[in-house]
Every structure is written in C-alpha cells, then in structure tokens.
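> test case, fold it:
(one chain, ligands or ions: 1)
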Amino acid sequence: MSNSTDFNEELDGYKKIDQYNPVQVDRIAAHYTDILSALGEDPNREGLLKTPERVAKALQFLTHGYDINAAEVLKSAMFEEDYSQMVVVKDIEVYSMCEHHMLPFFGKAHIAYIPNGHIVGLSKIPRIVDAFARRLQVQERLTNEIRDCIQETLNPAGVAVVLECKHMCMAMRGVQKQNSVTTTSAFTGAFQNDVTRSEFLRLITASLA
Ligand SMILES: [Zn+2]
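Numbering: from 1, shown residues only. Below is the predicted model:
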C-alpha cells in the first residue's frame with residue numbers, strides 16, 4: 001500500500017516538454033481574439049495582446065490526455081508478482097475540464113486493485129488518471145474510464161476508483177454552491193463484495209497521522 005502519489009518526473013523517465021502544435025495555437029488564438037471582442041473587450045489593449053495565444057496553449061496543455069495511450073502507460077511497467085493483497089493509491093490529484101462548460105473540475109482520486117499475477121509501477125496510476133482527466137470530461141465517465149483501463153490492461157481480481165471533485169461550473173456560476181463536492185465511484189470484481197469494498201473505503205478515509 002502506498003500513500004505517496006508524488007513522483008519525480010525525471011526519475012520516472014519522463015521529462016515535461018512544453019510542446020504546442022503551432023497550427024492549432026494559431027487557429028484557437030484567432031477564435032479567442034474574436035471572443036474577446038464579442039465580450040466587449042479590446043483585444044488590442046496591452047494586457048490582452050498575447051492572451052489568445054496563451055489561452056490556446058493553456059487549452060492544449062489542459063487537453064493533452066488525448067495524446068496519451070493510457071493502456072500503453074500501464075503496460076510499460078507491468079511486472080509478474082504473486083502479491084495478492086489490495087494495493088491502494090490514494091489522494092491522487094485530479095485536474096480536468098467539464099465538457100459542458102469547459103470549466104475546470106478538480107479534486108482527488110483514490111484507486112485500488114487486487115493483483116492477479118501482475119502488479120504495476122505505482123507511478124503509473126497517477127499517470128493514467130492524468131491521461132483520462134486531461135480531456136474534456138464528465139466526472140462519471142472519467143471514473144469509469146480509469147476503472148476499465150486498469151481492469152482490461154492489468155486483469156486484476158478487482159478495481160476500485162473513487163473520485164471527489166469540485167466543479168467550477170457549479171461553484172462560479174449556476175447554483176453557486178461553492179463548497180459542494182461530487183463523489184463518483186466504480187468497482188469491478190472483488191470490490192463488488194461488501195467486505196472488500198468496505199475495507200477499501202476504510203483505507204481511503206483513514207488518516208495515517
Ligand atoms: Zn460543467
């Protein structure tokens with residue numbers, strides 16, 4: 001069991017590369033110049049001059065999950081091991097964008113699986129959360145996609161995924177419920193059993209302190 005979700009990108013074999021598709025940046029930026037005008041702003045005032053380009057780059061980063069094959073990420077670090085107790089990675093940071101309003105939702109993911117011959121490098125679990133979160137999403141589908149990817153790739157005896165997120169489309173607009181948290185969950189295999197699921201829920205709510 002691990003409570004740690006931090007991983008050093010260099011040590012893990014990844015380097016953060018700020019790379020943007022220049023054609024896409026130009027195309028998105030042109031639309032944002034229009035949007036600024038439509039909002040009644042002057043796109044030529046100093047503070048806004050580079051805003052369309054910044055937004056275009058930010059959006060590309062916030063949706064870079066489209067370019068990540070989550071199953072391949074898991075397969076790159078699967079190891080045979082006859083450990084068959086629950087493996088829990090909790091408090092994984094989640095940053096995503098709701099597809100209905102294109103506003104952020106963010107919070108924590110708690111994920112467990114029960115190995116069935118194979119384990120996976122622990123840092124890969126947050127990586128696949130990111131692969132699915134960095135797209136336009138709804139929290140419900142995000143939860144299921146993470147579960148299905150682990151189940152189909154690792155073929156464990158069970159997978160459990162719980163997501164707790166705040167949605168800016170609820171907090172900043174509409175009902176303006178600023179502190180409400182949406183919880184979603186998805187289970188397979190052994191976690192459909194009450195006892196196993198309760199143990200998982202106890203582990204993710206327990207504090208180690
Ligand atoms: Zn929304």
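> when you work out contacts or count neighbours from here on, use the C-alpha atoms and nothing else.
OK.
> tell me the buried residues in the lowest-mean-pLDDT helix or strand in the chain?
The helix or strand with the lowest mean pLDDT-type score in the chain, counting by mean pLDDT, DSSP states H and E, is helix 168-171 (a mean of 92). Judged by neighbour count using 16 or more other C-alpha atoms under 10 Å, the buried positions of helix 168-171 are 168-171.
> packing partners of it?
The criterion is 3 or more C-alpha pairs under 8 Å, 6 or more residues apart in numbering; DSSP states H and E, and the helices and strands that helix 168-171 contacts are strand 104-114.
> which bits of this structure sit near the ion?
Applying the criterion C-alpha under 5 Å from the ion, the portion of the chain that neighbours the ion consists of 98, 100-101, 169.
> specify the angle between the helix or strand that residue 52 is a member of and strand 104-114 in degrees.
With the criterion set as DSSP states H and E, the secondary-structure element containing residue 52 is helix 51-62. Using axes from the mean of the first three to the mean of the last three C-alpha atoms, to 10 degrees, the interaxial angle of helix 51-62 with respect to strand 104-114 works out to 10 degrees.
> ok, residues contacting helix 51-62?
Surrounding helix 51-62, the residues in contact under the criterion C-alpha atoms under 8 Å, 6 or more residues apart in numbering are 20, 24-26, 28-33, 96-97, 134-135.
> before we move on, what SS does residue 101 have?
Following DSSP: H, G, I helix; E, B strand; the rest coil, we place residue 101 in the coil state.
> quick check: closest non-adjacent residue to it.
residue 169 (6.6 Å; C-alpha to C-alpha, 6 or more residues apart in numbering).
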